[in-house]
Every structure is written in C-alpha cells, then in structure tokens.
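Undergrad: what follows is a predicted protein model with its sequence.
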Amino acid sequence: MKKTALRKKRILKHKLVSPIKSRRASFRRKQRRQTSQVNLSQYKNKFAPHPAALYTVEPEVTTPSASIEQSTSPSIRNLIQRGVVVIVALLFIMSMASAGSLTPSATPSSTGYTLSDIYTRLTTNATTSEGNHGFSIASSPSGTLRTLIEIFNAIPTIDATKVTSGTAYLGITGTYNTANLTTSTVATSTIFGVGLRGALFGDTSSSLVCASATYAGNISITSSSLIASSTACGTTGGIFLNLFNGTITNFPGGTRANGGADDYNNGGSAPTDRYTKSWTACAAGNNYCGTGLTSADAKDDSTGIIWSLPCNGAGCDTFSDSSPMSYAWASSTTNANNFSTAQSATSTATGLCTNGDHAETGWFLPHQKQLLQAYIDGSYGNLEAVLIEQVYWTATTASRSTTAAHVSSLSSLGNASGAATLLKTSGSAKVRCVR
C-alpha cells in the first residue's frame, strides 16, 4: 500500500513540474535565437563595407523555411552566416586587386640617376646625363654604388657668412653682405661677383700701400727718406734739399750765400744753417740700434749705416772713444805693433774690422763714399764729438797711386794737412767700422 501511494505521489509531481520545465526550455531557445541574430548583424557590419548594397532586408513572412530555421541548431546557423560574410568580403577584395593592366608601357631601360651620380655631384660638382649608366646585369655581382652614409657625409656644411645675404642654400640663409663690393672698392684686376673686376688702384698687401691712402696700408714716408723734388705717398723728398755748407762770420765770405764753411767751424759748434740729416744714438734703450752690441755708436738714418766707436787696443780688441789708437795700413809696416798676433802678416786695416780681436762679426772698414756721406749728413756733432777732428782710414785705394789709400775726417773732410790720401807703407790713421 505504501509503495502504491508513493508512486501516485511521484506521478502527480511530474505532471505539475513538466509544464514549468517545458516553458523554461522554450524561453532558453528563444534567447539563443535572439543572440544569433545579434551576432549575425555585428559580422555584417564588420566585414561588409556597404551592407545596404549587399543585403536586402525583407519583411518577416512566415514561410516553411522559417520553420526549418527554427528547427536548425543555433551553432549551425551562426556558422552559415559567418561563411556568407567572409565569401562576400573576399569577392569584394578580389574585384579591387584585379584593377589595372600588368603589361609594361615600354621596353625596360636605364633611367634616372645612380647613387654614385649623386655622390659625385655633391663632392665634385660634376654633372652627368640622366640614365647615363649600364642597365645589363654584371657577370659577377659586386658593390659598385655609394652608400647612403657616404652620400650623407658628402653633403657640405653651409657657412651662413659665406652665403650672400638675402639668399638661402640648403636651408641656410646667407648673412654675407655684398653691398660694399663694387669695382671702386676692390683691388684692380681682382675678379669678384659675377663677371666683375676690381678697379681700385693699389695692392692687396698692406706693406705695398701708403698709410695715407684712402684704403690705408702701412707704408709711412718721410721727407728724409726721399730725394729732393721727388714725391711719394703725398710726401715731398728732402734728401739733398738745401745741400749747403753753413754760415760762419769770423772770416770774409763765411756766409752761406758765399759758400759758408765746413762743419768743424775751426773747432767750434757746427753752423746752425748747415745741411744735415737725422741720426740715432745707439744705446741700451734701442738695443744699440738693433745690433745688441755695445760697440755700436750711432746710426745715419738717411743711409741706415751704423757706425762703431773707434777701435782701440792691439788688433782692435776693444771699441772706445777714450784715446783711440792709430793704426798702420798693413801689419808689416810702421805701427805694425798695433796689430796683434791674431792678424796675419798680410793683414791690412780692413782686417781690424772683419777679423779684429774684438771677435764681433758683421763689421767692415767703410768705403770712401760712405765716410764722405756721413760727413754730408752731419756726422760732426752727431757721430764725432764737437771739437774733435780725427782722420780715419777708408778701404778705398787711391787710383793715382795704388800705394796710398783714401782717408778723411768726419768733422771737416781731409786731414790736418788737407791731404785726402795717406801712403799705405807709412801712413797712420784711426779706424771706425760700419755695418
């Protein structure tokens, strides 16, 4: 009895629950169909660029296929829908990719420029024709072209200061101002700009252009460096201008107009109106006229000749104004004791300067005209002390008597007796060297 009652109870429960389960299953099938339709719509939007052109929305009509669709599982329907979308998309892409013709428009040939052409243009500015290179393949492949690194490194660095102002080159704006470049400001015959040639008279070296020029150099001219009546750099020469002896009044005819007198002025001061040029005393401040030798006495600025102090001591071993010694012309004659054993038996007064015991180089015995010019330029009072009159040997032999040599005073010319020469075998005179 109990088993029968239990069975009846289970049957009753089944009848009550089955309708509920059936309704739940139907609800879940409906949800799956809705989800499939949503997924299909999303795939259509994703793969079809123009859904309106590919699909036609039909009004929902109850057909036998609808019942078939309802009877088909959702997974199979989803698979079919996705396959349709993919096929349509592929057909669309293929239709685009097949556009145009693959037939060449002409026979293949070399065109354009190679990397080597570009590199050469950058480094040498050399031009070439477009397509001027071989097109056939080499029998053995090898590296023949320039690399992009080489081409990049060949691009010059542009200096704006060298590019004309108002123009640009490779993106660099020039700052070079050409406003002052005209033919009148550029040296003559100098080519500049485009087809222009300078017409400015002068020279590009400042050492060859006057300091007084419009475009000044560094040549400075003084009247004492030019002969009278000559002109340079706007300066009129003064050498030999008013080349007169000065005036003394203690004897008739002593005026300058009448010929004047010699500079010695009979043991007095030199006439103030005599012709004279400038002299420079050699001292430590000017490094002894640039020689570095304390033996240098004075420089004649007109001739540039530097005179030594008088020789002193056997073989001219020193230079001094204090009681200078007189020397023979030759070491084998009178006053030969004034030559030291350093000079050979054939030495002359010339050797006292060039090979003296002083051991200084660069000195030599003055020529006759050098000594005479020193007197003309005013050696008395500038080189020779006032009130001093001494006769000096020159290196010049007398042409009328080769046994004699010319001598002269730096105070009045000649010697005490008025003679202009002395015998080499017996004469005796002082020595000053020059350089």
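TA: Nice, I can see it. Numbering: from 1, shown residues only.

Undergrad: only C-alpha atoms for contact and neighbour calcs from this point on.
TA: Noted.

Undergrad: low pLDDT regions in the stretch 151-300 of the chain?
TA: Using pLDDT under 70 as the threshold, the predicted model of the stretch 151-300 of the chain has low-confidence ranges 194, 201-202, 204, 224, 239-241, 249-253.

Undergrad: now the strands for the stretch 201-350 of the chain?
TA: Applying DSSP state E, counting those that start in this stretch to the stretch 201-350 of the chain gives strands spanning 231-232, 235-236, 279-281, 296-300, 306-308, 311-312, 318-319, 327-328.

Undergrad: ok, the fourth one: who's next to it in the sheet?
TA: Going back to what we said before, that points to strand 296-300. In the sheet containing strand 296-300, its partner strands are strand 279-281 (antiparallel), strand 306-308 (antiparallel), by DSSP bridges.

Undergrad: what's the answer for the second one, then?
TA: Based on DSSP bridges, the pairing partners of strand 235-236 within the sheet are strand 231-232 (antiparallel).

Undergrad: need the residues that contact the strand it pairs with.
TA: With Cα atoms under 8 Å, 6 or more residues apart in numbering as the contact definition, strand 231-232 has outside contacts at 221, 226, 237.

Undergrad: which single one of the residues you listed is nearest to V86?
TA: Nearest to V86, judged by Cα to Cα, of the contacts of strand 231-232 is I221 at 102.9 Å.

Undergrad: surely the closest one touches S230?
TA: No: because the distance of 11.6 Å does not satisfy Cα atoms under 8 Å, I221 is recorded as not touching S230.

Undergrad: between those two, which is the more surrounded one?
TA: I221 (18 against 12; other Cα atoms under 10 Å).

Undergrad: thinking again about what came up before, now mean neighbour count and distance to E130 too, for the strands of the stretch 201-350 of the chain, in CSV please.
TA: Output for the strands of the stretch 201-350 of the chain, formatted as CSV (neighbours: other Cα atoms under 10 Å; distance: least, Cα to Cα, whole Å):
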stretch, mean neighbour count, distance to E130
strand 231-232, 14, 62
strand 235-236, 17, 65
strand 279-281, 18, 76
strand 296-300, 24, 75
strand 306-308, 25, 75
strand 311-312, 26, 87
strand 318-319, 20, 85
strand 327-328, 27, 92
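
Undergrad: any chance of these in TSV, plus distance to A420?
TA: Supplementary listing: the strands of the stretch 201-350 of the chain in TSV, determined by distance: least, Cα to Cα, whole Å:
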stretch	distance to A420
strand 231-232	36
strand 235-236	35
strand 279-281	25
strand 296-300	23
strand 306-308	21
strand 311-312	21
strand 318-319	25
strand 327-328	16
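
Undergrad: quick revisit: just send the strands paired with strand 296-300 back as CSV, with distance to D300 too.
TA: What follows is these, written out as CSV (distance: least, Cα to Cα, whole Å):
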stretch, distance to D300
strand 279-281, 5
strand 306-308, 6
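
Undergrad: could you pull out the helices for the stretch 251-400 of the chain?
TA: Ranges of helices in the stretch 251-400 of the chain, per DSSP state H, counting those that start in this stretch, are 287-290, 349-354, 368-376.

Undergrad: related to what we said a few turns ago, pick out whichever of the contacts of strand 231-232 sits closest to E384.
TA: The closest of the contacts of strand 231-232 to E384 turns out to be L226 (Cα to Cα; 25.1 Å).

Undergrad: give me the number of residues near the nearest residue to that closest one once chain neighbours are set aside?
TA: For L226, ignoring the flanking residues on the chain, the nearest one in space by Cα to Cα, 6 or more residues apart in numbering is G237 at 4.0 Å. Here the count is done by other Cα under 10 Å, and G237 has 19 residues near it.

Undergrad: same thing with V431?
TA: The burial metric for V431, expressed as a neighbour count using other Cα under 10 Å, is 28.

Undergrad: list phi and psi for it.
TA: Note on V431: its backbone torsions stand at phi -130, psi 130 [degrees, to the nearest 10].

Undergrad: least reliable of the helices of the stretch 251-400 of the chain going by mean pLDDT?
TA: The minimum mean pLDDT among the helices of the stretch 251-400 of the chain belongs to helix 349-354 (a mean of 87).

Undergrad: gap between it and the chain center?
TA: If you compare the mean C-alpha spot of helix 349-354 with that of the full chain, they lie 50 Å apart, counting by Cα atoms, centre = their mean, to the nearest Å.

Undergrad: check which helices and strands it is in contact with.
TA: When contacts are defined as 3 or more Cα pairs under 8 Å, 6 or more residues apart in numbering; DSSP states H and E, helix 349-354 packs onto strand 391-397.

Undergrad: give me that answer again for 10 Å
TA: Helix 349-354 is packed against strand 327-328, strand 391-397, with contacts defined by 3 or more Cα pairs under 10 Å, 6 or more residues apart in numbering; DSSP states H and E.

Undergrad: about what we covered before: closest to C210 out of the strands paired with strand 296-300?
TA: The stretch from these with the least distance to C210 (Cα to Cα) is strand 279-281; that distance is 24.3 Å.

Undergrad: what's that closest one in contact with?
TA: When contacts are taken as Cα atoms under 10 Å, 6 or more residues apart in numbering, the neighbours of strand 279-281 outside the stretch itself are 286, 288-289, 296-304, 306-307, 374, 377-379, 382-383.

Undergrad: what do you get if the cut-off is 6 Å, keeping everything else the same?
TA: Outside strand 279-281, the residues that touch it by Cα atoms under 6 Å, 6 or more residues apart in numbering are 298-301.

Undergrad: pick the one among those residues closest to A405.
TA: Using Cα to Cα as the measure, the one of the contacts of strand 279-281 that approaches A405 most closely is D300, at 23.9 Å.

Undergrad: spatially speaking, which residue is in the middle of the protein?
TA: For the chain, the residue whose C-alpha lies nearest the mean C-alpha position (Cα atoms, centre = their mean) is K162; its distance is 13.1 Å.

Undergrad: how close does the closest residue to K299 other than its chain neighbours sit to N382?
TA: If you skip the residues right next to it in sequence, K299 has I306 as its closest partner in space, 4.3 Å away by Cα to Cα, 6+ apart. When Cα to Cα, to the nearest Å is applied, the distance between I306 and N382 equals 12 Å.
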